[in-house]
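Novice: Sequence first, then the predicted structure:
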Amino acid sequence: MTLPIVACAADVAMTLTGQPAAYWQGNYAAVSEANPAARWLMQIHPLLFVVAGAVSSLIVAIVILRTNRPLAVAVSLLVTFGHTVAACGWLAKNGPAGWAAALVILLLVNFAFSGQEQKGSKLDVAP
């Protein structure tokens with residue numbers, strides 16, 4: 001359960017740090033975000049976006065804890081992959097060093113996920 005929550009937090013953090021100066025000066029229409037739902041939330045207020053990220057992480061955690069192992073693994077993999085790729089997209093905007101950092105992060109997430117699968121755990125959650 002740790003991986004999807006960390007990936008979501010990283011995605012939210014990278015999204016916030018990737019906003020232009022105009023956004024932080026109160027022009028929320030200047031938001032830079034590809035996800036339409038996230039863009040809509042950020043156009044209202046950045047705190048709403050952060051709260052939505054926390055709520056979605058809570059929902060993912062509940063789904064992982066309350067479902068059977070195959071579904072828990074699938075949800076964890078999809079959420080982790082989606083948020084990791086999104087966070088790495090922000091890194092890639094920083095040129096070769098950003099691309100290198102993104103590659104390292106993607107590899108680390110792959111190894112972390114593989115390690116959880118080999119342990120036979122429900123991705124770091126109770127049985």
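Specialist: Arrived safely, thanks for sending. Residues are numbered from 1 along each chain as shown.
Novice: Show me where the protein has its strands.
Specialist: Counting by DSSP state E, one finds no strands in the chain.
Novice: Run through the helices of it in chain order.
Specialist: For the chain, applying DSSP state H gives helices covering 2-17, 21-24, 36-44, 46-66, 69-92, 95-119.
Novice: Could you list the residues in contact with the longest one?
Specialist: Okay, so that is helix 95-119. 3, 7, 73, 76-77, 80-81, 84-85, 87-89, 91-92, 94, 123-124 (CB atoms under 8 Å, 6 or more residues apart in numbering). In this view, the C-beta of every residue, glycine as well, is placed from N, C-alpha and C.
Novice: Show me which of these are buried.
Specialist: 3, 7, 73, 76-77, 80-81, 84, 87-89, 91-92, 123-124 (16 or more other CB atoms under 10 Å).
Novice: Looking at these, which one is closest to residue 30?
Specialist: Nearest to residue 30 among the buried ones among the contacts of helix 95-119 is residue 89, at 18.6 Å by CB to CB.
Novice: how about the closest one, what does it touch?
Specialist: Contacts for residue 89 (CB under 8 Å, 6+ apart) come out as 34, 102.
Novice: Pull out the buried positions in the worst-scoring helix or strand of the chain on mean pLDDT.
Specialist: Least confident element among the helices and strands of the chain, by mean pLDDT, DSSP states H and E: helix 95-119 (a mean of 84). Using 16+ other CB under 10 Å as the test for burial, helix 95-119 gives 102, 105, 106, 109, 112, 113, 116.
Novice: Dump these into JSON lines; add distance to residue 29 as well.
Specialist: JSON lines is the format used below for the buried residues of helix 95-119 (distance: CB to CB, whole Å):
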{"residue": "102", "distance to residue 29": "28"}
{"residue": "105", "distance to residue 29": "30"}
{"residue": "106", "distance to residue 29": "32"}
{"residue": "109", "distance to residue 29": "33"}
{"residue": "112", "distance to residue 29": "37"}
{"residue": "113", "distance to residue 29": "37"}
{"residue": "116", "distance to residue 29": "41"}
